[in-house]
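Asker: Turn this into a model:
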Amino acid sequence: MPGGADAATALRALPVERLLSAYGQLAGQLARPGNAAPPMHPVLGGPGLPRDLHGALADGGLEGKPLLIGTTRDEATAFTAFDPHIQNLGVDGALDLLAAQLGEPAHELYARYAARFEEPTAARVFTDDLFRADSLRIADHHAAGGNATYVYEFDYRPAEDPYGLGATHCGELPFLFGTFDAFAGSPMLGRPTVAARALGHTFATAAAEFVARGSVHGWLPYTPGTAARVRHFG
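Answerer: Have a look, this model is predicted:
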């Protein structure tokens, strides 16, 4: 694969089926229990292959651009709920798993969660460390530079939730795109009610307004470290 702009041209010329197949093969090679691998990051820093995310941010890769960023409330359950190895972990096993993913800070991180929650599950820790913390770090950096920043958390969980998914990874997609029927029978959606479809309209309208205007009517822009400015959908 050629480097620079030629790499981008070559990738755009590939059929989407080939890209998805390659991604699936890579995921099979890299996946570990509880690990969302390989990661997908926003492309920052101009044409070509993506740069390191945090390096690109520090160098102003998003400066001057409005930003809408957020997560679902329970992102990591999609990667843990159906894995019996994770579901049956005790404290020692959970610490080993966290250490394999996060390194030395794992024990300190687990202790911090144990102080906050009676049951600091691996899914809860992974949701915050792999998804929410980085999203808020990006939002804090962007807003601190005076850039328009909007942060959301998607909290909807199906009424019937036999797997304990909650508001899991990708759970907001049928709400964003209005594709409820395409997700029929999906455990992350359940049977959408009239209220759920109305929530989808609200969520999709906010996203569309941001795309069109770079702002959302009635939604105060985020300021660093201000949880009250995170808009919850659910």
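Asker: any chance you could map the helices in this protein?
Answerer: For the chain, the helices defined by DSSP state H occupy 5-13, 16-30, 53-58, 77-80, 84-87, 91-102, 106-116, 122-126, 133-144, 173-177, 194-213.
Asker: out of these, nearest to residue 160?
Answerer: With Cβ to Cβ, the closest approach to residue 160 among the helices of the chain belongs to helix 194-213: 12.4 Å. The C-beta positions use only the backbone N, C-alpha and C, and glycine is treated the same way.
Asker: Can you give me the buried ones in that closest one?
Answerer: Neighbour-count burial for helix 194-213, counted by 16 or more other Cβ atoms under 10 Å, picks out 196, 199, 200, 203, 206, 207, 209, 210.
Asker: Can you read off the pLDDT for the third one?
Answerer: Yep, that's residue 200 we're talking about. Residue 200 carries a pLDDT value of 97.
Asker: ok, so what distance separates it from residue 192?
Answerer: Distance of residue 200 to residue 192, given as Cβ to Cβ, to the nearest Å: 8 Å.
Asker: before we move on, back to that, output the helices of the chain in TSV, with distance to residue 226 appended to each entry.
Answerer: Output for those, formatted as TSV (distance: least, Cβ to Cβ, whole Å):
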stretch	distance to residue 226
helix 5-13	37
helix 16-30	36
helix 53-58	19
helix 77-80	27
helix 84-87	33
helix 91-102	26
helix 106-116	20
helix 122-126	23
helix 133-144	9
helix 173-177	24
helix 194-213	18
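Asker: Report how many residues lie close to the nearest residue to residue 160 once chain neighbours are set aside.
Answerer: Distance criterion Cβ to Cβ, 6 or more residues apart in numbering; nearest residue to residue 160, sequence neighbours excluded, is residue 190 at 5.1 Å. Under the neighbour criterion other Cβ atoms under 10 Å, residue 190 is assigned a count of 18.
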